[in-house]
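In: no sequence for this one, just the structure:
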C-alpha cells in the first residue's frame, strides 16, 4: 500500500545521495521546502506516493549572507523569517515585499523564495522581483554547483531547468548599488490570499543627476513563464523614470505579454493591467532609488 | 408587552453559555468524533456534468486490503426515487460534475481515497445544460427526460420544473400612467454558503437496525426524516445527535453523507465516519441559484410607483427546487404597489442541486429590484431613500404575496437611515454611495422546549435548535427575563432527537422567534408550578399567588404574612411539594413577523484595474426586539459581508464542460479580514406582536441589501450601471473600457 | 508501509507518536494525539482554521507534514489558556465582544491573534486585519473579531 517516505538530510552531499538512492530504486523523490505548494498539490492534483526530501535542515538553504558585492539568500528560508531581516529589507525592499505577498501570515511561516521559484508557476510573486534584481540560482548537482539566471530557470508552466537529482540551494543577487531601488506590485481581486492575476517588478539605478543608468523590468502571470522585458528596461535608461518614460515601458510590457483567459482574469485585462503595474512599480522603484542616493 | 426599558435581561450582552468551550477548542464539531473500531468513508464523484452510467464495478476497490465495504445506488432501496435519494448517489445518470457515484469504507481515510479510484465506472457522456438561456430554449437538452413543467402530464418534457405567477391590479394601466419607466435585466451568479466547517458525520448501525448518527446539521430532525426516507426506514429507527455546527447559512439543511454512512455502517457492522473535503463541498453541496431577473418599474414624476413587473428565472441545479418562490415573494415586498406582475421559473441545469442560502432567493430578485429603484431615483432626481419612503410598505399594506402586514419596521429603518450620521455625511469626491432595502418574511414552524430547575434553583433549558450564532445565549436571556432570575443561573442545551421534543431546523430566522417562544412558554409553565408550590406551602389557593421578580408572593390584598419564595427556595423543597420542577412547551409558531433593513455602502474604484474597495458600510435593521444585541449586530455584520462578497468577487466559474474551475477557498473568493471595513449597525425595534418580547428573526435579511447597495455605489462612482454581478475587477474594467 | 516516529512537544507536553509521511501535522494533532480543537476547513492553507504555532511561528498545520514536527514545539488552541490564570485575554475578549457565532474558525483566530499580540503590542486596525487575513470567518463579517483583538491589545498594554 502506502509508499510515502520522509527524510530530512543535513548536508548537500547527504541530500544528493538520498535523491540518487531514490532514483536508483525507482522511487519518486520530491524536494520539500515550505511545502505550501507541494502539500496542496499532493492533495488536489497528484496524490501518488513519493519520498519527501526536506531540505530545510541544510545550512546552504537557510543562510543569508550579505557581502560587499553580493547578497546570498538560502532557498528554503520562510518569507516571514526573511522579512524580519532588516538589512535585507533595506537593500531589496521590492524582493522582500514580493515574498511577503505570498499568502497569509501562516503561509509566510513556511513559504520560501526557492519554493516559489521551483513551483515554476507563471504567477509566482517572487520570480519577477528576482529577475528584476538579476538574481542567479545556485543549484546543487552531483557534479558540484551550477548557476542559472532566474529568468532562464522557469521553462514552462510548472516546469524548470532542474534535471536529474539537482536541487536549488539559494540565490546570488548583486548587492544593489547606491541609487538603486526596486519594487514589485501584483494585482489580486482581494487584498490578500489570492494568486497574482498580473505582476510586475522594476529595479532601477539612478545617478546623482537623477537619470537612470540601469533598469530591469520583469512581469508575471501574463505568459507561460515570468518574463524579463529587456526593452522596458531600455526604455527607462537615460530618463529620469518620469511618467512619460514609465508609460513607454508600460506599453512595452503590455505588448510583450502573452496572457491567457482563465478563472483569474482575461487576456484583455491582463494585458492592460500589466502596463499599469509596470508604471506604478516603476514609480515606487524610482522614488526608492532617489531616497537611496 | 413590557416596555423595553423595564427589561432586566433582554437587551443586555452577556457571554454565551457555550463560549468557553468554543474559545478553548473543547467544543465538538462534526469531524471531531472518533469511535473505537471506526472506518472512514469516501465518495467517488462524477467527472462528467452529464452522463449515462452504464456500469459500476466495485470489485477492485473491495479487493483492497483495508477496505470493508463499497456501495453504489444499487445498494439502496430502489423504490425510493426522491431527488434527495438520487442526489446522494446517482442512479442511471450523473447529473453534475461531482455527483456522488459510489462510496467505500476503509480502515483509514487514505486507503478509502485510494480505493475509490479503483472503482470502474462506464459512462456515456452526454451534452450538459449549463445556463438558464440554454435550458429554457425549446428543444434544449433535457436534464431529466421525465420532468414536465408543473407536473402537467400533457406538457412536453422540459427543463422548466415549475412556474409561478402572482399579480395584482393592471400593470399595463400602471405603466401607461408612469412618467418614467426603468426596464433592465440583471444576472447574479451562483454563490456558495461558504461555511468553514465541511459536512461531516459518524454513523453507527446496531444489529437489529437501530442507527445513531452524529453530524453537523441545522436540523437533526430533518436529518432523521431524510435519512429514514432514503433508507426506507422509520424515523424511530434513527437517532440523530447534532454536533456543534461550524456554519450553515442554509447549506446544512439537507443531507449528503448521512444515508451513505449509515448504509456503509450496516454493511460493515462498524461505525463509519465521513468528512467532505473543501473541494467536495464546493462541487457537490450548496450553492445558491444563479439567476436572470428582468425588472420593469414605472413611476410618476413625483416618485409614486405605478406598476412593477418581474420575470425571474432561477437555476435549480440538477433537481427541481430553486428558491424562486421566496425570490418572487420578496422582490416587491418593500413597496405598496397597486399594480404588479411577478413570474417565476424554476429551471434545471447540470449543476449541483441548489440549497438554501440565507434569505434563499431574495438577494437575487431584490438585487434586480433595488437596482431598478435606484435607477428610477436617478432619473427622477430624487434621494433614493425618499423615493423608497414614498412607496414603502407599512402596517396594513397587503404584501405582494398575500397577507396584510402587521406592524413592520421599514419606514422606521428608512427614517433612521436618513438621519444617520453616516448617511448625512456626503461622500467625498471619487467615493460612490449606494443604498438598498432588504427583506425577509421569516418563518415560525415547530419547536419544543423543556425547562428544568435543579434543586439549587439553577435552570437548564433543553431545546432542539442547533446553535449556529449564539442562540443559546438568547434562550437563556428570554428565560432569565421570564423567570426573573439571573442569566448566569441558566444554561441551554441542544438535545438529540430522542432527548428533546420535535423541533424544525435552525433556519429561516426562526430560532430566536419560535424556539424562543417555546422557551418562554416553558418558563411560564415553571412559574405556574412554582406558584402552585408556594400556594401549597402557604396554604393558599394558587390564584392568590403571583410571580414577581423571580419570586412567588401573595397577591395584593391576600391577608397573609409570609416571606416571598424565590425559585431557588421553591426548588430546595420541591421533593416535598410535588417533585421536580419541569416546564414544557411545544408549538407551531405563527406570526413570524417580517424583517426589513436599509443598507448603504461607500466605495472607491481603481479605474485602471477595475478594483472596487468598500470604504464604509452601514446596516439599519428592524429586529423587533434585540434579545442579545451583540448577536443581532453579528447577524447584520456577517450577512453584510456575505452580501458584499457576492457582489464583488464570489461566483462559480464553470468551464464549457460544466466543471467548476474555482472549487477552493483560493479562487472562490470570500472576503478576508483586510478586504472589509467595520460594519456599522443600528438596530431598530418595532416589536412583533406575535412574540411575547417582540422578537423578529434577524438572520436572513442582512444578506439581501448589500448586493444592490454595492451595485448602486459602483453606479454612483462610474456614472453608469453594471447590471450583472459580480463586480469583479475584470468585469468592472471591461465595463469602464466599453464605456470610454 | 513504514511508520515514522515523531517526538514532539505539544502545549508543553511531550508526545511520542507514529505517523505516515503523507499525514499532516493537523492529522497528527487531531487523529493521533486526540487534540481536536484545531479544525480543518480546507486542507489547502486558505482558511486558517488549522492555525497552530510551530516553534513559535504561525503555520497552517494542514500544510506541515507530520514528520516535520519531530523535535519541534507546537502550541494549539488547547494550549493558549493558562491553567492558573484561566482564559487568555484574546479568548476573554472574543467572548465579551460576541466575536464568534458558529465558533469553528475561532481556534484559528485565537492562536493567530495571540501570536499577533506577542509580536505587536499596539497593532492598528489595518495591521490586525492583514495579520488575520489568512483566517476566514464566514459568520461575523470580522467586525467584532477586530474589535476584540483591539480591546485585548489595550488590556495587555494597561496590565503590563
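Out: Thanks, I have the structure now. Computed from a predicted model, the values in this text were never measured in an experiment.

In: residue C:129: what's it in contact with?
Out: Counting by CB atoms under 8 Å, 6 or more residues apart in numbering or on different chains, residue C:129 touches B:673, B:674, B:676, C:142, C:146. All C-beta spots, glycine's among them, are computed from the backbone N, C-alpha and C.

In: residues near the residue of the stretch 151-293 of chain A found nearest chain C, how many?
Out: The stretch 151-293 of chain A approaches chain C most closely through residue A:192 (3.6 Å), counting by CB to the nearest CB. By the criterion of other CB atoms under 10 Å in any protein chain shown, residue A:192 has 20 neighbours.

In: helix/strand/coil for it?
Out: Following DSSP: H, G, I helix; E, B strand; the rest coil, the label given to residue A:192 is coil.

In: that one contacts residue B:670, correct?
Out: No: the criterion here is CB atoms under 8 Å, and residue A:192 misses it with residue B:670 at 11.8 Å.

In: for residue 3, which non-adjacent residue is spatially closest?
Out: Since you didn't name a chain, this refers to chain A. Residue nearest to residue A:3 in three dimensions, not counting chain neighbours: residue A:49, with 4.0 Å by CB to CB, 6 or more residues apart in numbering or on different chains.

In: wait, I meant chain C there
Out: residue C:18 (4.0 Å).

In: mind listing what's buried along the host helix or strand of the one you found?
Out: For residue C:18, the host element (DSSP states H and E) is strand C:13-19. Buried positions in strand C:13-19, judged by neighbour count with 16 or more other CB atoms under 10 Å in any protein chain shown: C:15, C:17, C:19.

In: what's the answer for stretch B:153-167, then?
Out: Residues B:158, B:159, B:160, B:161, B:162, B:164 are the ones in stretch B:153-167 that count as buried (16+ other CB under 10 Å).

In: include pLDDT, secondary structure and distance to chain A when you put those residues into CSV, please.
Out: Shown next, in CSV, are the buried residues of stretch B:153-167 (pLDDT from 0 to 100; DSSP: H, G, I helix; E, B strand; the rest coil; distance: CB to the nearest CB, whole Å):
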residue, pLDDT, secondary structure, distance to chain A
B:158, 97, coil, 31
B:159, 98, coil, 26
B:160, 98, strand, 30
B:161, 98, strand, 29
B:162, 98, strand, 32
B:164, 95, strand, 34
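
In: model confidence over the helix ranked longest in chain C, on average?
Out: What stands out as the longest helix in chain C, according to DSSP state H, is helix C:143-159. Across helix C:143-159, pLDDT averages out at 96.

In: for that helix, packing partners?
Out: Where contact means 3 or more CB pairs under 8 Å, 6 or more residues apart in numbering or on different chains; DSSP states H and E, helix C:143-159 is packed against helix B:629-648, helix C:89-96, helix C:106-119, helix C:125-131.

In: what angle sits between that helix and helix C:89-96?
Out: Angle between the axes of helix C:143-159 and helix C:89-96 is 130 degrees (criterion: axes from the mean of the first three to the mean of the last three CA atoms, to 10 degrees).

In: give me the contact list for helix C:143-159.
Out: Contacts to helix C:143-159, defined as CB under 8 Å, 6+ apart, come from residues B:630, B:633-634, B:637, B:673, B:676, B:678-679, C:89-90, C:92-94, C:96-100, C:109, C:113, C:116-117, C:120-123, C:125, C:128-129, C:132, C:137.

In: in it, what's buried?
Out: Neighbour-count burial for helix C:143-159 [16+ other CB under 10 Å]: C:143, C:144, C:145, C:146, C:147, C:148, C:149, C:150, C:151, C:152, C:153, C:156.

In: which among those residues gets closest to chain B?
Out: Nearest to chain B among these: residue C:143, at 4.6 Å, using CB to the nearest CB.

In: residues in contact with the residue in chain B sticking out farthest from the centre?
Out: Taking CA atoms, centre = their mean, the residue of chain B most remote from its mean C-alpha position is residue B:559, at 54.3 Å. With contacts defined as CB under 8 Å, 6+ apart, residue B:559 has no neighbours.

In: now the end-to-end length of stretch B:717-728.
Out: Using CA to CA, to the nearest Å, the gap from the first to the last residue of stretch B:717-728 comes to 15 Å.

In: buried residues in it, which are they?
Out: Those would be B:717, B:718, B:721, B:722, B:723, B:724, B:725, B:726, B:727, B:728, for stretch B:717-728 by 16+ other CB under 10 Å.

In: do I have it right that residue C:139 meets residue C:98?
Out: No: the criterion here is CB under 8 Å, and residue C:139 misses it with residue C:98 at 10.7 Å.
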